[in-house]
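> just a sequence and a predicted model for now, questions to come.
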Amino acid sequence: MTAEPMTVALRRTPRWRKIFNTVLSYVLLLAIAVFVLLPIVWGLDISLKQEGEYSANPIKWLPRVPHWINYVHVFTYQAFLKHARNSVVLSVVFSALTVITSSMSGFAFSRIPVPGREKLFRVVIALIIIPYLVTVIPQFMLFSRLKLTNTYWPWVLWGLSASPFHIFLFRQFFSAIPRELEDAAEVDGASPFRIFWQIFLPNAKPALATSFILNFIWVWGDYLTPILYLNDRITTLAVKLQSAYSDPHGNTLVTVVIAASVLYTLPLIVMFFLAQKHILQGVVTSGLKG
Amino acid sequence: MAVESAVQKSLEVPQTTKRRWHLSRSNRKALWFYFFQSPWLLGIIFLTIIPIVGGLVISMTNYDGINLATTKFVGLKNYLRMLDDKQGILAFMRTLVFVSINVPLGMFLSFSLALVLNQSVRGRGVFRTVYYLPTLVPIVAVAWIFKLFLASKNGPLNGFIGLFRPGTEIVWIGQANALATVTSMAMWMTFGTGMVIFLAGLQGIPPELEEAAVVDGANRFQVFRNVTIPLMTPVIFFQLVLSLIYTFQELLRPVLLWSSRGMEGTPSKPVYMMMIHVYREIFTFGRFGYGTAVLWFNFIVMMGLALLVFWSQKYWVYYTEAVEGKKE
């Protein structure tokens, strides 16, 4: 069935056209790859240069000897580890809570049929388009009135309130789990919460990991909320990195800042490569925008 | 509504244990359903609805962020004031310009790359990974790299141009090139996500459909125009809505590029956009009332645009049933 139309397609395109198209595709793909990788590679390059080499005129493309000491300065010039810890705490707390609450909601949407469920689910979809800043700024006024600024409580509350994208992701994932699994448990009289906790969650490890990592990436990279909510002492790496590495005259220590940026980005890249397939699948399912 | 009253009923029931067992099955289900939804529903009420409505209230006062005692209700005064806010009006216009450049460009870039990758290219996985990488790099790190990469003196981009035109010192992060610079940075950071989503959509198209069109004598362009595009419209639609909303809120990229410390930077005019204006009105000048009014105005514009796209769906978005119907 499928073989025949394929030969038709082959006959219709001359050989030279095919080769030409292939070459054109690769040229385009490689050009974009260069556009994407150039800033990253250049960042790695500059993180190994000496301050003088960086500002040399005419430009020097490669460091004469790799200047690894920049990576040591990252830790000695600033309390990098302290702020890294703050970032880890916020990201982990937020992500863990969001994963639990979103999976609860996704479970109910996929497995507990009640009247009005589809309508409520449409509300979830509609919420995806509520602009982020429209809620963030008034929320800040609210939280500062409640004296919750300069604490990590807002992240706990945000985490507890789940996320439409991830509700969507879990609903899709749970809908693919066969019914037989829970039918037996239901006959035995297990409550929906036990079914959720003991059957669905253990079977949803890929979705849990994906959701956790996507949330982690978001909080780890978030700049706006920590700079609004947190003071200098308890703030995250994102905020610290933007202004911390400078000499007494206020000039930025370029090579150290870039080395710090490399270390700051590395955990996300590692996480991504550990679960690449699931993450890309999750991005596709939820339509989540990076 | 019916559900809510059902929940109410089931909440009242446990007075008599006998009746509970009679009513329960459907009511208990509803109770469990809302138990599972409760964190999310409470979040919606307290962290979305209340702040948004609260923002509307604040936008009608002269709140300065500190004193509630001197805060007065001023009605629509803040909204009328926008008409005299030259900087604000210009910022709004520039936002529209930025959106109408960035949204189509981003969609085009990610869609065409997805198309290229959807052919049988070798190393598709590698390219997809490489293109997705920038979306992982946090915005602060990207801002640093771009700032230095584009530096007018000693920046490698000017250094590279300098190989052909010695002494090049183009000011990329300045008035003249601001729009191009911020657009490139935005593209660099975001096209990977769209591409991954479009690619998955393309791979979900059943090959039989395209093959059938070829058998019927369609050429490559006709297949693309009459089979691929219609089947992709739901994905295009969803990406269009999201990217409209996100692009309208452009804030951090210009601020971080133009700032050396915190949120203090004032971007050059072409990229001084609406949300930057809102941020500065509220947090730099402490005009919370006026700032939230501008924010609300933008909220309405954004929702209007989103609704417009939603409404236009019936003219150009084909859902699977419709396509299946056509096939027969």
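Ah, there it is.

> drop to CA atoms for contacts and neighbour counts, all remaining ones
Fine.

> got the domain ranges for the chain?
By default, I'm working from chain A. Domains of chain A are assigned by automatic domain parsing as A:3-69, A:72-286.

> please go with chain B instead
B:2-58, B:77-327.

> so for residue A:268, which of those sits nearest?
domain B:77-327 (6.5 Å; CA to CA).

> and the closest one, what's its mean pLDDT?
Domain B:77-327 shows a mean pLDDT of 90 in the predicted model.

> just stretch A:98-117 next, same as before
94.

> check which residues of that stretch are buried.
A:98-112, A:114, A:117 (16 or more other CA atoms under 10 Å in any protein chain shown).

> cool, stretch A:175-183 as well?
Neighbour-count burial for stretch A:175-183 [16+ other CA under 10 Å]: residue A:182.

> can you tell me if that stretch touches chain B.
No. If you take CA under 8 Å from any CA of the partner chain as the test, stretch A:175-183 misses chain B, and the best it gets is 14.8 Å.

> who touches that stretch?
The contact list for stretch A:175-183, computed with CA atoms under 8 Å, 6 or more residues apart in numbering or on different chains, reads A:110, A:111, A:195, A:199.

> cool, and stretch A:78-98?
A:74-75, A:152, A:155-156, A:158-163, A:211-213, A:215-217, A:219-220, A:234-237, A:240, A:244-245.

> give me the subset of those residues touching chain B.
Near chain B, by the rule CA under 8 Å from any CA, you find A:158, A:160, A:161, A:162, A:163, A:217, A:220 out of the contacts of stretch A:78-98.

> after the helix or strand hosting residue B:239 comes which helix or strand?
Assigned by DSSP states H and E, residue B:239 falls within helix B:229-248. Counting by DSSP H and E, the element after helix B:229-248 in chain order, helix or strand, is helix B:252-258.

> and the next helix or strand after that following helix, how far out from the chain's middle?
Going down the chain from helix B:252-258, the next helix or strand is helix B:274-279, by DSSP H and E. Put simply, helix B:274-279 sits 16 Å off its chain's centre (CA atoms, centre = their mean, to the nearest Å).

> could you list every helix and strand in contact with helix B:274-279?
helix B:86-118, helix B:288-316 (3 or more CA pairs under 8 Å, 6 or more residues apart in numbering or on different chains; DSSP states H and E).

> elements contacting the first one?
I take that to be helix B:86-118. Against helix B:86-118 (3+ CA pairs under 8 Å, 6+ apart) you get helix A:15-46, helix B:178-203, helix B:229-248, helix B:274-279.

> nearest residue to the middle of chain A?
Nearest residue to the geometric centre of chain A (CA atoms, centre = their mean): residue A:217, 2.9 Å.

> so that residue, which of the three states?
With DSSP: H, G, I helix; E, B strand; the rest coil as the basis, residue A:217 sits in helix.

> just residue A:66 next, same as before
coil.

> what sits closest to it if chain neighbours are left out?
residue A:48 (5.0 Å; CA to CA, 6 or more residues apart in numbering or on different chains).

> read off the pLDDT value for that neighbour.
89.

> what distance do you get for it to residue A:256?
9 Å (CA to CA, to the nearest Å).

> and residue B:316, by the same measure?
In terms of CA to CA, residue B:316 sits 51 Å off from residue A:256.

> wait, isn't residue B:273 in contact with residue B:91?
Yes. Here residue B:273 reaches residue B:91: they are 4.5 Å apart, a contact under CA atoms under 8 Å.

> related to what we said a few turns ago, for the helix holding residue B:239, give me every contacting residue.
A:129, A:131, A:287, A:289, B:95-96, B:98-99, B:102-103, B:107, B:194, B:197-198, B:201-202, B:205, B:302, B:306, B:309, B:313, B:316-320, B:323.

> for stretch B:165-174, same thing?
B:147, B:150-153, B:158-159, B:161-162, B:177-178, B:181, B:257-258, B:268.

> and with 7 Å instead?
Applying CA atoms under 7 Å, 6 or more residues apart in numbering or on different chains, the contact partners of stretch B:165-174 are B:150, B:152, B:153, B:158, B:161, B:162, B:178, B:181, B:268.

> so residue B:316 and residue A:256 - more neighbours on which side?
Per other CA atoms under 10 Å in any protein chain shown, whichever of residue B:316 and residue A:256 has more neighbours is residue A:256, with 26 against 11.

> quick check: that one vs residue A:43, distance?
Distance from residue A:256 to residue A:43, by CA to CA: 11 Å.

> just residue B:168 next, same as before
21 Å.

> so between these two, which is more surrounded?
Neighbours were counted for residue B:168 and for residue A:43 using other CA under 10 Å; residue A:43 has more, 23 against 17.

> in the stretch 101-250 of chain A, what spans have low per-residue confidence?
Within the stretch 101-250 of chain A, no range satisfies pLDDT under 70.

> what parts of it come near chain B?
Residues of the stretch 101-250 of chain A lying near chain B by CA under 7 Å from any CA of the partner chain: A:101, A:104-105, A:108, A:112, A:114-116, A:129, A:131, A:134-135, A:138-139, A:160-162, A:221, A:238, A:242-243.

> tell me which stretches of the stretch 101-250 of chain A form helices.
A:117-128, A:132-145, A:153-160, A:164-175, A:180-187, A:192-194, A:205-221, A:224-229, A:237-243 (DSSP state H, counting those that start in this stretch).

> TSV please, covering the ones you listed and showing distance to residue A:278.
TSV is the format used below for the helices of the stretch 101-250 of chain A (distance: least, CA to CA, whole Å):
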stretch	distance to residue A:278
helix A:117-128	22
helix A:132-145	26
helix A:153-160	22
helix A:164-175	12
helix A:180-187	23
helix A:192-194	26
helix A:205-221	6
helix A:224-229	28
helix A:237-243	26
